[in-house]
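Undergrad: Provided below for reference: sequence and predicted model.
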Amino acid sequence: MKRVTKAVLPVAGFGTRVLPATKAVPKEMLTIVDRPALQYVVDEAIEAGIEHFVFVTARGKGSIEDYFDSAYELEDSLQRKGKTAIYDDLKAKQPLEGTMSFIRQQQAKGLGHAVWCARDVIGDEPFAVLLPDVLIQSKKSCLAQMIEAYNEIGGNIIAVDSVPEDRVSDYGVIKPKAGEDFRSKKIIAMEGMVEKPAVSEAPSNLKITGRYILQPELMGLLKDQAAGAGGEIQLTDAMARLMETQDFHAFAYEGQDYDCGSKLGYFEAVMAYARTHGDIGEGARALIRQSAKLG
């Protein structure tokens with residue numbers, strides 16, 4: 001069983017749910033406290049042992065590539081002014097040379113198409129997919145937890161989180177295999193996925209959360225995957241086809257997710273990360289308490 005050392009990060013989307021900010025700033029570069037949202041996702045993957053990142057970008061996303069590059073003038077200025085702590089922190093967040101690939105998705109054909117654009121870099125290796133809209137705050141990174149599970153069972157793994165049963169129609173949820181006790185297990189054998197089911201028909205209350213470990217055979221299926229919902233090539237459609245021949249498991253991770261692709265989700269993420277920030281956490285918590293009193 002090959003190790004998971006590569007990750008695909010689809011960052012080509014327009015970010016329409018957080019307009020007008022995304023007219024000027026890619027949604028992945030919107031700041032959560034003191035760094036872009038995308039940095040948290042990359043940090044999560046680095047903690048999990050990912051060695052190569054494949055960013056699937058689009059026109060207008062050049063700031064992502066610039067962000068992960070060296071900034072000579074800034075770094076030189078910090079060193080000359082003796083701001084070594086800031087300089088060291090900046091360099092620590094910069095991935096090593098040769099560990100990042102940037103690939104253009106030239107047409108907005110959907111998430112499945114974006115992942116397929118990374119096929120030549122992925123080759124015949126298993127890979128992770130991390131949706132940068134979703135930040136997951138946890139003691140051990142979500143992807144690190146998933147890779148531990150992968151090393152135990154192999155196959156394909158989808159991160160899931162439980163939601164109130166009366167809200168399942170807001171999400172895509174997994175369909176466990178018959179007889180699986182999905183309410184008490186962390187690793188759940190699954191046989192399908194259902195997008196926004198009616199409450200009375202939902203096969204589970206485990207929502208799909210934007211983290212995947214997938215086998216390379218998926219790329220071959222994406223190559224000829226027909227357009228699905230919204231007229232786009234859907235990743236879940238190809239995964240459903242792969243499920244006919246390969247094992248899929250849902251993994252109930254420990255942590256809290258935030259949907260930064262929505263305005264309220266973004267605001268919630270800012271508060272959550274501010275509360276636990278090493279420099280400003282205490283002050284942030286005080287401000288939040290004060291705001292709550294003001295109503």
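TA: It's in. Residues are numbered from 1 along each chain as shown.
Undergrad: L214: how many residues sit nearby?
TA: 25 (other C-beta atoms under 10 Å). Just so you know, the C-beta spots here come from the backbone N, C-alpha and C atoms, and that holds for glycine as well.
Undergrad: would you check how far apart the nearest residue to it once chain neighbours are set aside and V194 are?
TA: Leaving out its chain neighbours, the residue that sits closest to L214 by C-beta to C-beta, 6 or more residues apart in numbering is N156, at 5.3 Å. With distances taken as C-beta to C-beta, to the nearest Å, N156 is found 17 Å from V194.
Undergrad: who's more crowded, those two?
TA: More neighbours surround N156 than the other of N156 and V194, with 21 against 18 (other C-beta under 10 Å).
Undergrad: give me the phi and psi for that one.
TA: phi -120, psi 140 (degrees, to the nearest 10).
Undergrad: touching, E254 and I136? I think so.
TA: No - assessed by C-beta atoms under 8 Å, E254 is found out of contact with I136, at 9.6 Å.
Undergrad: which one of those two has more residues nearby?
TA: Set E254 next to I136 and count neighbours by other C-beta under 10 Å: I136 wins out with 23 against 12.
Undergrad: so what's that one up against?
TA: Neighbouring residues of I136 by C-beta atoms under 8 Å, 6 or more residues apart in numbering: E44, C142, A159, T209, R211, Y253, G255, Q256, D257, Y258.
Undergrad: now it, nearest residue through space, not along the chain?
TA: Nearest non-adjacent residue to I136, counting by C-beta to C-beta, 6+ apart: C142, 4.2 Å away.
Undergrad: so how far is L131 from that neighbour?
TA: 11 Å.
Undergrad: next one: F14
TA: 15 Å.
Undergrad: do the same with L78
TA: For L78, the distance to L131 - C-beta to C-beta - is 33 Å.
Undergrad: who's more crowded, those two?
TA: With neighbours defined as other C-beta under 10 Å, L78 and L131 compare such that L131 has more, 22 against 19.
Undergrad: could you list every residue that touches the more buried one?
TA: Contacts of L131 by C-beta under 8 Å, 6+ apart are P10, L111, G210, R211.
Undergrad: which of those residues fall in strands?
TA: P10, G210, R211 (DSSP state E).
Undergrad: surely the second one meets V160?
TA: Right, the one you point to is G210. No - if you go by C-beta under 8 Å, G210 and V160 don't touch, sitting 10.3 Å apart.
Undergrad: so K93 touches P36, yeah?
TA: No - look at K93 against P36 with C-beta under 8 Å: they stay out of range, at 10.1 Å.
Undergrad: tell me which of the two has more neighbours.
TA: Neighbours around K93 and P36, counted as other C-beta under 10 Å, are more numerous at P36. The numbers are 21 against 14.
Undergrad: point out where this protein drops to low pLDDT.
TA: 295 (pLDDT under 70).
Undergrad: in it, what residue spans correspond to helices?
TA: Listed in chain order, the helices of the chain (DSSP state H) span 37-47, 62-67, 72-80, 84-92, 111-116, 119-122, 142-153, 217-223, 235-242, 263-275, 281-294.
Undergrad: from those, which stretch is densest packed?
TA: Highest mean neighbour count of the helices of the chain: helix 111-116, a mean of 24 (counted as mean count of other C-beta atoms under 10 Å).
Undergrad: show me the contact partners of that one.
TA: Under C-beta under 8 Å, 6+ apart, the answer for helix 111-116 is 8, 10, 12, 56, 105, 107, 129, 131, 218-219, 222-223, 225, 232-238.
Undergrad: chain center to that helix, what's the gap?
TA: 14 Å (C-alpha atoms, centre = their mean, to the nearest Å).
Undergrad: and the ones in strands among the contacts of L131, which is closest to I188?
TA: Nearest to I188, judged by C-beta to C-beta, of those is R211 at 14.9 Å.
Undergrad: do you know how far that closest one is from E268?
TA: In this view, R211 and E268 are 18 Å apart by C-beta to C-beta.
Undergrad: what do you get for E47?
TA: From E47 over to E268 (counting by C-beta to C-beta), the distance is 22 Å.
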